[in-house]
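Asker: Sequence first, then the predicted structure, then my questions.
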Amino acid sequence: MAGQAARRRTFAVISHPDAGKSTLTEALALHARAIGEAGAVHGKAGRNATVSDWMAIERQRGISISSTALQFAYRDAVINLLDTPGHADFSEDTYRVLTAVDCAVMLLDAAKGLEPQTLKLFEVCRHRRVPVITFINKWDRPGHEPLALLDEIERRIGLKCTPLTWPVGIAGQFHGVVDRRTGGMVRFERSPGGATAAIEEHLAPAGAAERFGPDWHRAVEELDLLTLTGADHDEAAFNAATTTPVLFGAAVANAGVRQLLDVLVEHAPPPRPRPDTDGQARAIDAPFSGFVFKIQANMNPSHRDQIAFVRVCSGRFERGMVVTHATTGRPFATKYAQQVFGRDRETLDEAYPGDVVGLVNATALAIGDTLHAGPVVSYPPLPSFAPEHFAVLRATDSSKFKRFRRGIEQLDAEGIVQVLRSNARGDQAPVLAAVGPMQFEVATYRLTVEFGVPTELEHLPYRMARRTDPAGRDTLQTERGVEVLTRDRDNALLALVLDKWRLRALVSEYPRLVLEPLLADA
Ligand code: G4P
């Protein structure tokens, strides 16, 4: 058991859209031979459908909204790559995925450096102390100087860079990398169409100097400089998330991808004991436990069902075992456990800490719920982000109200939107709350396509939400620029406020009023 857990590497890629996350995912899986040819995972608009891009809306827009887990074997390790939505409007979803990983790969475009979405996601990793490996991508194209990129990372996010490879040739003229551990060079040769792993040639320093003269010497000089400043990999500091190993490559040519996999296997942490609600860590080899980090319905039109994705935290999961649902104390049968790989599903018979189990038709489970065998355990709930966009939703055909209600419940369970209600607005017109407006688009699209309910959306002018109490609701009832509703998910009373000036005015008028901020958008 402990041996199986120690083999697991569970990580996610954090990046800004267009940095190359889909390309890198594809290249990683290709190296590990999980898929036969390039193009099977990656699918932007106009390309082949993919395994991680299954929803029609994603294909139309060329973005990845939903998260799936990709598992593959590499060397003697089992790698679990959890996909995160690329679009900023789905940052709450991404946050949940990041609660289920042990490590993150921060992917940067060599020409762009740190971009806004990368910074946001990095903050989530920092908050959770997730160790971060940095991969600087697109080195085959003109970009910044490598030292300038390291400097930007250290200056802006305070993470000390400890490169494990170093590029030979400036961005745009990429010959290969120095492997800092051996001092030799790995030369990359682009394979036609990037369809197979990059061809690598290993050169000793003398051979590299002969072939790449000035570029090689420059790389060696820069590395000497780094050594002088103590920029050497330090396992403890990396695990404490204060340093980041850095690698250079070009995902599109599969260059540097094998090195990334090696670093994951050799340095990334295996699953660690996870603290429960009381702060007690449950040992990895304790009986099975895990928590739901994602719920997804109707992933495949031919299987209309709901899947709860569970990250295993301790023990061995065996399909068919009856576990306890910690929230209700009820038994939960796991007969339909699956491994979900985009559109494809395979029955999963066993899983270990770090793995992701897809439980089919798990309608009793909600995001954040704990499942366990043996002694009781309950993992901390997953926080929701503060919504910043609000809209009233109505079914345009009132005869479809039942389906409308079922659809709304489903979207709420999946965390696609938060659902708020008040007596004043009535049951037929719930208010949807979202971190980003694209969540509304997905919600209405799915109601139409999956539930057959056309809807209309009326945007509300509020821009912030604060938690209040019954006294606050009564006080605010007659105020303008504010409205109090109850959130379905947890019965929290939320005051929706026009803007920060209105909020300030309310606070100064009613100093005793409860108006607490919700978890800020990380
Ligand atoms: P994302 O998932 O992070 O949004 O990015 P994605 O992989 O879709 O990559 C975005 C664009 O960057 C794609 O180009 C992709 O080919 C390109 N790209 C990814 N990695 C590299 C790299 O190492 N070098 C270079 N030069 N380009 C890279 P596109 O024009 O949007 O699509 P395509 O038609 O070229 O595939």
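Answerer: The structure has been received and is ready for your questions. Residues are numbered from 1 along each chain as shown.
Asker: C-alpha only now, for contacts and for neighbours.
Answerer: Will do.
Asker: right, and I295 touches A308 too?
Answerer: Yes: under the criterion of CA atoms under 8 Å, I295 makes contact with A308 at 4.5 Å.
Asker: where do the contact lists of the two overlap?
Answerer: A366 (CA atoms under 8 Å, 6 or more residues apart in numbering).
Asker: Tell me how many other residues crowd R155.
Answerer: 11 (other CA atoms under 10 Å).
Asker: Next: G374.
Answerer: Counted with other CA under 10 Å, residues neighbouring G374 total 12.
Asker: Which element, helix or strand, includes it?
Answerer: Using DSSP states H and E, G374 falls within no helix or strand.
Asker: what pLDDT does the residue nearest to it when sequence neighbours are not counted get?
Answerer: Take G374 and drop its neighbours on the chain: the residue closest to it by CA to CA, 6 or more residues apart in numbering is P287, 5.6 Å away. If you check P287, the pLDDT there is 97.
Asker: And for P146?
Answerer: P146 is assigned 96 on the pLDDT scale.
Asker: Please tell me how far it sits from F248.
Answerer: Per CA to CA, to the nearest Å, P146 is found 9 Å from F248.
Asker: Quick check: which element contains L260?
Answerer: Going by DSSP H and E, L260 is part of helix 257-267.
Asker: The following helix or strand past that helix: partners in the sheet, and parallel or antiparallel?
Answerer: Sequence-wise, the next helix or strand downstream of helix 257-267 (DSSP H and E) is strand 274-275. Note on strand 274-275: by DSSP bridges, its sheet partners are strand 281-282 (antiparallel).
Asker: Give me the residues contacting the strand it pairs with.
Answerer: P273, R274, P275, D276, S314, V377.
Asker: for those residues, which one is nearest the ligand?
Answerer: The ligand lies nearest to R274 out of the contacts of strand 281-282, by CA to the nearest ligand atom, at 29.8 Å.
Asker: burial count for the closest one?
Answerer: Per other CA under 10 Å, the neighbour tally for R274 reads 18.
Asker: Show me which residues of the stretch 51-200 of the chain are close to the ligand?
Answerer: Taking CA under 6 Å from any ligand atom as the measure of proximity, the stretch 51-200 of the chain contacts the ligand at N137, K138, D140, R141.
Asker: Next, format these as TSV and append neighbour count and secondary structure.
Answerer: Output for those, formatted as TSV (neighbours: other CA atoms under 10 Å; DSSP: H, G, I helix; E, B strand; the rest coil):
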residue	neighbour count	secondary structure
N137	29	strand
K138	24	coil
D140	21	coil
R141	16	coil
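Asker: Show me which pair in those is furthest apart.
Answerer: Greatest spatial distance among those (CA to CA): N137 and R141, at 9.2 Å.
Asker: List the contacts of P142.
Answerer: Counting by CA under 8 Å, 6+ apart, P142 makes contact with A110, A111, I170, A171, G172, Q173.
Asker: Can you pick out the most distant pair from those residues?
Answerer: A111 and Q173, at 13.3 Å, using CA to CA across the contacts of P142.
Asker: shared neighbours, these two?
Answerer: With CA under 8 Å, 6+ apart, A111 and Q173 have common neighbours R141, P142.
Asker: Would you mind telling me which of those two has more residues around it?
Answerer: Counted by other CA under 10 Å, A111 and Q173 do not tie: A111 has more neighbours, with 19 against 14.
Asker: Excluding chain neighbours, give the residue nearest to that one in space.
Answerer: Excluding the flanking residues, the one nearest A111 by CA to CA, 6+ apart is G143, at 3.8 Å.
Asker: burial of that neighbour, as a residue count?
Answerer: 18.
Asker: How is it assigned, secondary-structure-wise?
Answerer: Under DSSP: H, G, I helix; E, B strand; the rest coil, G143 falls in the coil class.
Asker: Isn't it up against L108?
Answerer: No: the criterion here is CA under 8 Å, and G143 misses it with L108 at 11.0 Å.
Asker: partner residues bridging P167?
Answerer: V177.
Asker: And the pLDDT at it?
Answerer: Note on P167: pLDDT of 96.
Asker: And the residue of the stretch 51-200 of the chain that's closest to the ligand?
Answerer: Closest point on the stretch 51-200 of the chain to the ligand, by CA to the nearest ligand atom, is K138, at 3.5 Å.
Asker: how near is that residue to R473?
Answerer: K138 sits 53 Å away from R473, going by CA to CA.
Asker: What of S384?
Answerer: In terms of CA to CA, S384 sits 21 Å off from R473.
Asker: Looking only at neighbour counts, state which of these two leads.
Answerer: R473 (20 against 17).
Asker: Let me know the secondary structure of that one.
Answerer: Under three-state DSSP, R473 comes out as helix.
Asker: so who does it touch?
Answerer: So R473 contacts V484, L493, A495 (CA under 8 Å, 6+ apart).
Asker: Which helix or which strand is home to the closest residue to the last one other than its chain neighbours?
Answerer: Computed as CA to CA, 6+ apart, the closest residue to A495 that is not its neighbour in sequence is V484, at 4.3 Å. V484 is part of strand 482-487, with elements assigned from DSSP H and E.
Asker: Identify the residues contacting that strand?
Answerer: With CA under 8 Å, 6+ apart, strand 482-487 has contacts from 418-422, 462, 473, 476-477, 492-498.
Asker: Helix or strand with the lowest mean pLDDT in this protein?
Answerer: Least confident helix or strand of the chain, by mean pLDDT, DSSP states H and E, is helix 56-61 with a mean of 49.
Asker: Beyond that helix, next helix or strand please.
Answerer: Next element after helix 56-61 (DSSP H and E): strand 69-74.
Asker: Run the angle between that following strand and helix 257-267 for me.
Answerer: Inter-element angle recorded for strand 69-74 and helix 257-267: 90 degrees (by axes from the mean of the first three to the mean of the last three CA atoms, to 10 degrees).
Asker: Pull the CA coordinates from strand 69-74 and hand them back as PDB.
Answerer: What follows is strand 69-74 as a C-alpha-only set of coordinates in PDB (Å, rounded to 0.1, in the frame of the first residue of the first chain):
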ATOM      1  CA  ALA A  69      -8.000  13.400 -15.000                       C
ATOM      2  CA  LEU A  70      -5.400  11.700 -17.100                       C
ATOM      3  CA  GLN A  71      -3.500   8.800 -15.600                       C
ATOM      4  CA  PHE A  72      -0.400   7.200 -17.100                       C
ATOM      5  CA  ALA A  73       2.600   5.200 -16.100                       C
ATOM      6  CA  TYR A  74       6.100   6.600 -16.500                       C
END
